[in-house]
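Asker: What follows is a predicted structure for the sequence shown.
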Amino acid sequence: MTPFGAKVRELRKKNNRTLKEMAEALSVSSAYLSALEHGKRGTPTWYMVQRIITYFNVIWDEAEELQRLAELSDPRVTIDTGGLSPNATELTNMVAMKISGLSEESIDHLLHQLRVVCAKDNV
């Protein structure tokens, strides 16, 4: 499941909406919406994100959060480290090889550390 899919599912459950009801309102199939929630589809289009924001009638910070999560929810990431340092290439490959074996606690810890570094470096 992607961060965007988890958030959409959370909103759907909080608003007591079924997958079928939401899919009908958005003019998409239940299968597509389910795949989007489970991370089996690529990043949703800006248009789809806006339709979901409108569907749940979310505003301001929550709407921005949905857009941010959509941008961070590509389940098939490709990273080109050409021209970067050897350490950048090693980090990228190590994450790719080890991500499936990491515990949620370890992932949370690494993600927190990366967020801190990105904030410090304004990345």
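Answerer: That came in fine, so what should we check first? What you are looking at is a predicted structure, and each value in this text was computed from that prediction instead of being measured.

Asker: contacting residues around the closest residue to residue 20 other than its chain neighbours?
Answerer: Closest residue to residue 20 apart from its sequence neighbours, by CB to CB, 6 or more residues apart in numbering: residue 30 at 5.2 Å. The C-beta positions use only the backbone N, C-alpha and C, and glycine is treated the same way. By CB atoms under 8 Å, 6 or more residues apart in numbering, the residues touching residue 30 are 19-20, 23.

Asker: next one: residue 24
Answerer: Here residue 24 is in contact with no residue (CB under 8 Å, 6+ apart).

Asker: again, only using 10 Å
Answerer: The contact partners of residue 24, by CB atoms under 10 Å, 6 or more residues apart in numbering, come to 18, 30, 33.

Asker: Now that residue 62 has come up, it's in contact with residue 7, right?
Answerer: Yes. Between residue 62 and residue 7 a contact is recorded at 9.0 Å, counting by CB atoms under 10 Å.

Asker: So for these two, which sits in the more crowded spot?
Answerer: Of the pair residue 62 and residue 7, residue 7 is the one with more neighbours under other CB atoms under 10 Å, namely 22 against 14.

Asker: In which helix or strand does that one reside?
Answerer: Following DSSP states H and E, one finds residue 7 within helix 3-14.
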